[in-house]
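A.B. asks: Coordinates for the following, if possible.
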Amino acid sequence: MSGFSARLAFGAAFAGVLMGSFMAKAQTPPQPSGGDAPRYGFGTTPSPAELSRFHAIPPDGRGLPSGSGTYVRGQAVYAQQCVKCHGAKLEGWGKGMMMPPEHAAMGDGRLIGGRGSLRTANPVFTVESYWPYATTLWDYIKRTMPTTAPGSLSDSDVYALVAYLLGEANIIEKSAVVNEQTLLTVAMPNREGFIDGARPQPEPTGTVQTSPTRPSGQSQPGTTMGR
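C.D. replies: Model (predicted):
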């Protein structure tokens, strides 16, 4: 065998050993370390703050952070962060803004007004006329606004924006301080306009049963009868 052939055969054999070792490791399942859950040897344990980005605040307000805001502060935050898209008078899509087609079926995009219109031929969907819970309003603003930097608003500034919106809609007094406690006491005009859809829920056994009746204040979003 020539020297070149010998080197070629050695290289092929060495590559085969490496590949075999790699495949053996790849097929070895991760082993538990100090518990039943497997450990993979990378990543870090997420903090409560990091996890909070992936959990919505439910209607009963569980998980609302500490903080507070007022109508006056909310008006200033709105002018800085929201007016470009939502208009100086909360009229919705600002002057010169084109409403996204997927929003066209939800009216003209106003944030207030329209109370009592949902059963009419021309319903107006706004925070005032449609939104059932002030707690989930806080959550929506916190996680999605402003559209250019979602989640960048401080908790207190979100409370302030909620105070401003609800104050302009005459749902709360403009002198009210909104925080994690007072937000729970806000009664939205369409609070009782949502009904339980009793959607089928799959069970682990493969059977399907109707979801039980929800307690008051825990209506299922998306199943509405507007008032």
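A.B. asks: For residue 65, give me its contacts.
C.D. replies: The neighbours of residue 65, taking Cβ atoms under 8 Å, 6 or more residues apart in numbering as the test, are 52, 155, 180. To be clear about C-beta, it is placed using only N, CA and C from the backbone, and glycine gets the same treatment.
A.B. asks: Mind putting the residues you listed into TSV with distance to residue 143, secondary structure and pLDDT?
C.D. replies: Conversion of these to TSV gives the following (distance: Cβ to Cβ, whole Å; DSSP: H, G, I helix; E, B strand; the rest coil; pLDDT from 0 to 100):
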residue	distance to residue 143	secondary structure	pLDDT
52	10	helix	71
155	12	helix	97
180	16	coil	97
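A.B. asks: Residue 121: neighbour count?
C.D. replies: Per other Cβ atoms under 10 Å, the neighbour tally for residue 121 reads 5.
A.B. asks: How about residue 83?
C.D. replies: Using other Cβ under 10 Å, the number of residues around residue 83 comes to 13.
A.B. asks: show me the contacts for the closest residue to residue 90 other than its chain neighbours.
C.D. replies: Nearest non-adjacent residue to residue 90, counting by Cβ to Cβ, 6 or more residues apart in numbering: residue 111, 4.2 Å away. Contacts for residue 111 (Cβ under 8 Å, 6+ apart) come out as 86, 90, 91, 92, 126, 127, 128, 165, 168.
A.B. asks: repeat for residue 69
C.D. replies: Residue 69 sits next to 156, 157, 158, 159, 160, 161, 162, 163, 177, 178, 179 when contact means Cβ under 8 Å, 6+ apart.
A.B. asks: In this structure residue 129 contacts residue 119, no?
C.D. replies: No - Residue 129 is beyond contact range of residue 119, at 10.6 Å (criterion: Cβ atoms under 8 Å).
A.B. asks: Looking at these two, which one has more neighbours?
C.D. replies: When neighbours are counted by other Cβ under 10 Å, residue 129 comes out ahead of the other of residue 129 and residue 119, with 24 against 10.
A.B. asks: can you pull the contacts of that one?
C.D. replies: Residues near residue 129 by Cβ under 8 Å, 6+ apart: 113, 114, 115, 116, 117, 118, 123, 189, 190, 226.
A.B. asks: List buried members of the contacts of residue 111 by neighbour count.
C.D. replies: Buried members of the contacts of residue 111, counted by 16 or more other Cβ atoms under 10 Å: 86, 90, 92, 126, 127, 128, 165, 168.
A.B. asks: Quick one: those as CSV, columns for pLDDT and distance to residue 138 too.
C.D. replies: CSV is the format used below for these (pLDDT from 0 to 100; distance: Cβ to Cβ, whole Å):
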residue, pLDDT, distance to residue 138
86, 86, 17
90, 93, 17
92, 80, 20
126, 93, 16
127, 95, 11
128, 96, 16
165, 98, 10
168, 98, 16
